[in-house]
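Fold the following, please.
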Amino acid sequence: PNSIQGVIESRIGRLTPAQQFAVKVASTIGQTFPDRLLRDIYPNEAGKTQLSDDLDALERLDITPAEALVPEQTHTFKHIITQQVAYDQLPFAQRRQLHRAIAEWYERNHSDDLSPFYPLLAHHWGRAKVNSKTLDYLEQAGEQALRSFANQEAQTFLIEALELGPKSNPPVDPVRRACWELQLGEAYVNRSKYGEGRKHLEAGLMLLGKAVPKAVPEKPVAGQAATVDMDHLHLILLGKPVPLDHLQQKSSTPDQHSDAPKPLSLRFRRMARNLLQVIALLRTAAGQVVHRLWPRRYVGRVSEQRDLLLAAARAVERLAEVYYFANEPVLAMFAALRTVNLAESAGPSPESSQLGSDDLSSSSQPVNLAASAGLSPELARGYATLGALVGFVPLRGMAEAYFRRAQEPMTGEGRQPAAAHVSLTVGFYAAGVGDWARAKRHFMATVSVSERLGDRRGRDDGLGNLVYVHYLQGEYSAGEAKADDLIRSATLR
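Next up, the predicted model:
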């Protein structure tokens, strides 16, 4: 043989037929395989009686040496290329049967808690070509990775789910696809990949019917010009997203005799886009004013859609960060206001209600209804983001009011990450107005909480801002020590 693959094929070919079959079946499990799993899914009942002898022979040949006995006996392919060559020698139909058997084995033997096996189950059901099961486990693996700040892994799972979704029968529900888009966008933003994150967050919000204000593209597709049917121009002026079927892509040299709408000039596209953004901002700000004046009427008014509203709120809050760093202040302010409006419309957390409806209705004092029964993490993040942005307008009294709301007790999943975000945002604002002691206190809290969570990006954000504050105060030694720590951390990312 004149290649490594050829050498390995020749070596496998010199094994007995039973040993060859054992190697091929084991290759479908993975580079490391538990002996019990291999025995349970072994398709040749007659061969099971000599499987232990075959594994001993493979171990002596150093093809699959034995691993630790705890928690159970396992073997490992010494070279991953050996596993791949053996796997490639299996017929496709037999591969699918074996992957199904492996997936079912994990579901059967770990039914009490499948969470550690979500990625593995997604892999085996995917190779078995069972799309519905594959999508279920990709979805759960993506959510799990996102919660544990494994953002690259989350991207891998969610991208695969989005690619597989259209091939599923029946088709994936648009709301479910929207959630994948939003989670993928969040994973990208968590890695400061703002361009990719923006694309997926906006796509997910569009699927949920919560599109951000975008009238027409600033730049037409090459060789084409974006046009808007003038009958639908009022949608732009009213601050509503233009439906995709109203955006038409026409040739840049349209038929002179056609009655089709003429291409909008680049100047008009920019004007329409900017006008839409301003109108959307004013409408959203008016919504927040209404929430503040009549909270009992508007806060929690659509709580039956709570989960979807909070998912949209999380996405729009991340877009506020994207727009801020893209130097789009109108959209950043719009997104911050929209986050708060959505999260308030979802209502307070039902998990720790301390006040009944009678208590609230009998109170003569203004009350923060969202906080009275526990602040949702999404609302806390929204209040903090909005406080920072209005503080830089500057409307500092309003900023402090929103910061106080953001720091009220939270309930529900995601409390600790939200607390870290609130501390980072308040610290960022405090540093901007020269309140150094307050900024340090909040940045240190961000570092502490993020370290407990294992959120390296959050920790480094807090640490980087501390370095900046030390520098501005002339505390160079303290800043240098934290900068060294930041550099060490950055090399691990």
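
S345 against L309, yeah?
Yes - between S345 and L309 there is a contact at 5.7 Å, judged by CB atoms under 8 Å. Yep, even glycine has a C-beta here, placed from its N, CA and C like the rest.

would you list every one of the strands in the chain?
Per DSSP state E, the chain carries strands over the ranges 32-34, 74-76, 224-228, 247-251.

before we move on, back to that, who touches both of S345 and L309?
V302 (CB atoms under 8 Å, 6 or more residues apart in numbering).

any idea of the mean pLDDT in stretch 472-489?
Taken as a whole, stretch 472-489 carries a mean pLDDT of 93.

Ok, stretch 344-361 next?
52.

Which residue is the nearest non-sequential neighbour of Y106?
Spatial nearest neighbour of Y106, chain neighbours left out: F117 (5.2 Å); criterion: CB to CB, 6 or more residues apart in numbering.

any idea how far W125 is from that neighbour?
11 Å (CB to CB, to the nearest Å).

got it, and H99?
7 Å.

where do the contact lists of these two overlap?
Joint contacts of H99 and W125 (CB under 8 Å, 6+ apart) do not exist.

Which one of the two is surrounded by more residues?
W125 (25 against 21; other CB atoms under 10 Å).

correct me, but that one touches E139?
No - in this structure, W125 is not within contact of E139 by CB under 8 Å, at 12.0 Å.

remind me, longest helix of this structure?
In the chain, with assignment by DSSP state H, the single longest helix is helix 266-293.

I'd like to know the average pLDDT value across that one.
pLDDT averaged over helix 266-293 gives 85.

how about it: buried residues?
Across helix 266-293, burial judged by 16 or more other CB atoms under 10 Å covers 269, 272-273, 276-277, 279-281, 283-284, 287-288, 291.

again, but for stretch 455-473
455-456, 458-470.

With R459 as the reference, measure out to the residue most central in space within the chain.
By CA atoms, centre = their mean, the chain has its centre lying nearest to Q183, at 2.7 Å. Relative to R459, Q183 is positioned 22 Å away (CB to CB).

One more: V278?
37 Å.

D113 now?
Counting by CB to CB, the gap from D113 to R459 is 29 Å.

what's near enough to touch A187?
Counting by CB under 8 Å, 6+ apart, A187 makes contact with 145-146, 151-152, 154-155, 158, 197.

got any ranges where this structure has weak pLDDT?
For the chain, residues meeting the criterion pLDDT under 70 lie at 1-2, 69-70, 214-266, 303, 349-373, 493.

Now with 50, please.
215-239, 242, 244-255, 262, 351-372 (pLDDT under 50).

need the helices for the stretch 201-350 of the chain, in chain order.
For the stretch 201-350 of the chain, the helices defined by DSSP state H, counting those that start in this stretch cover 233-237, 266-293, 295-298, 306-325, 329-346.

for the stretch 51-200 of the chain, same thing?
Taking DSSP H, counting those that start in this stretch, the helices of the stretch 51-200 of the chain run over residues 51-60, 80-88, 92-109, 118-127, 131-147, 151-164, 174-190, 194-207.

returning to what we had before: what about the helices of the stretch 201-350 of the chain, which gets the closest to H79?
helix 306-325 (42.7 Å; CB to CB).

quick one: that closest one to helix 174-190, angle?
30 degrees (axes from the mean of the first three to the mean of the last three CA atoms, to 10 degrees).

From S148, how far off is P116?
P116 is 12 Å from S148, by CB to CB.

Settle it for me: which of the two has more neighbours?
Taking other CB under 10 Å, P116 and S148 do not tie; S148 has more neighbours (13 against 10).

phi, psi of that one?
phi -100, psi 10 (degrees, to the nearest 10).

burial count for Q97?
Quick note: Q97 (other CB under 10 Å) scores 16 neighbours.

Could you do the one 4 residues further on as well?
Neighbour count for A101, taken as other CB under 10 Å: 19.

Quick check: it vs K193, distance?
For A101 relative to K193 (CB to CB), the value is 38 Å.

Check T74 too.
Taking CB to CB, one finds T74 at 37 Å from K193.

before we move on, back to that, which one of the buried residues of helix 266-293 is nearest K24?
R273 (58.7 Å).

how close does the closest one sit to G209?
From R273 over to G209 (counting by CB to CB), the distance is 20 Å.

swap in P43?
49 Å.

Next: A431.
From A431 to G209 the distance is 38 Å (CB to CB).

Give me the more crowded residue out of the two.
The residue with more neighbours, out of A431 and G209, is A431; 20 against 12, by other CB under 10 Å.

tell me the contacts of the residue lying closest to G414 once chain neighbours are set aside?
Counting by CB to CB, 6+ apart, G414 lies nearest to P377, which is 3.9 Å off, once chain neighbours are set aside. Each residue near P377 by CB under 8 Å, 6+ apart is listed here: 410, 412-415, 417-418.

at 6 Å what do you get?
Contact analysis of P377 by CB atoms under 6 Å, 6 or more residues apart in numbering lists 410, 412, 414-415, 418.

Check E9 too.
Counted by CB under 6 Å, 6+ apart, E9 has contacts V85.

same deal with A315?
Neighbours of A315 in contact, by CB under 6 Å, 6+ apart: 182, 201, 204-205.

Great, nothing more from me.
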